[in-house]
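1. coordinates only, sequence not included:
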């Protein structure tokens, strides 16, 4: 005959083992649900950013691309996986890289919001485009800067049109001489 105290002790130990196990299972379900919700939210955000007709990117303090939307990948002619981790030197000529670096460092080192026109020449020298770029710092809760977000709009065609209007307004179209 087993004493009654043994059964009570066994029941108490079993309960003490099952409560943390139940808590762990509950936590695992909550983590799985939150992970699913986060993935769904990230997918929605990527869908929105990929549908925008602007070049949207994030660079880390070493100026490596951490995010690039569809337009950036099309500009570089590479899939996102091959763009991420790269720097501008993989895609642009030296003068463009130097200019972009200076503008990016203003954001990353000084926390400035930069809005300016940038003219970029591809690394092969074949393609030159003008962009209106806005770059802003991304900050941690403590205020430190961990990256920059850039949004650039191609204004190449607009600039060509302005030059053509200027040419037509101030120069004779047949002779090219000033009016």
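-> That came through, no problem. What you are looking at is a predicted structure, and each value in this text was computed from that prediction instead of being measured.
2. List the contacts of the longest strand anywhere in the chain.
-> For the chain, the longest strand by residue count, based on DSSP state E, is strand 128-139. With contacts defined as C-beta atoms under 8 Å, 6 or more residues apart in numbering, strand 128-139 is touched by 55, 58, 103-104, 106-108, 111-122, 145-156, 159. Quick note: C-beta positions are derived from backbone N, CA and C, even for glycine.
3. What sits closest to residue 113 if chain neighbours are left out?
-> With sequence-adjacent residues excluded and distances taken as C-beta to C-beta, 6 or more residues apart in numbering, residue 113 is closest to residue 136, at 4.7 Å.
4. sorry, back to before: so which of the contacts of strand 128-139 belong to strands?
-> Using DSSP E, the contacts of strand 128-139 in strands are 55, 58, 114-121, 145-154.
5. Could you find the closest non-adjacent residue to residue 51?
-> residue 70 (7.9 Å).
6. now swap in residue 76 and tell me
-> Going by C-beta to C-beta, 6+ apart, residue 76 has residue 91 as its nearest residue, at 5.0 Å.
7. quick one: the one you found and residue 73 touch, right?
-> No: taking contacts as C-beta atoms under 8 Å, residue 91 lies outside contact range of residue 73: 10.7 Å.
8. so how far is residue 121 from the residue nearest to residue 114 when sequence neighbours are not counted?
-> In this structure, residue 114 finds its nearest non-sequential neighbour in residue 135, 4.6 Å apart by C-beta to C-beta, 6+ apart. Using C-beta to C-beta, to the nearest Å, residue 135 is found at 19 Å from residue 121.
9. Give me the more crowded residue out of those two.
-> residue 135 (23 against 17; other C-beta atoms under 10 Å).
10. and that one, what pLDDT?
-> We have a pLDDT of 97 for residue 135.
11. Cheers, nothing more for now.
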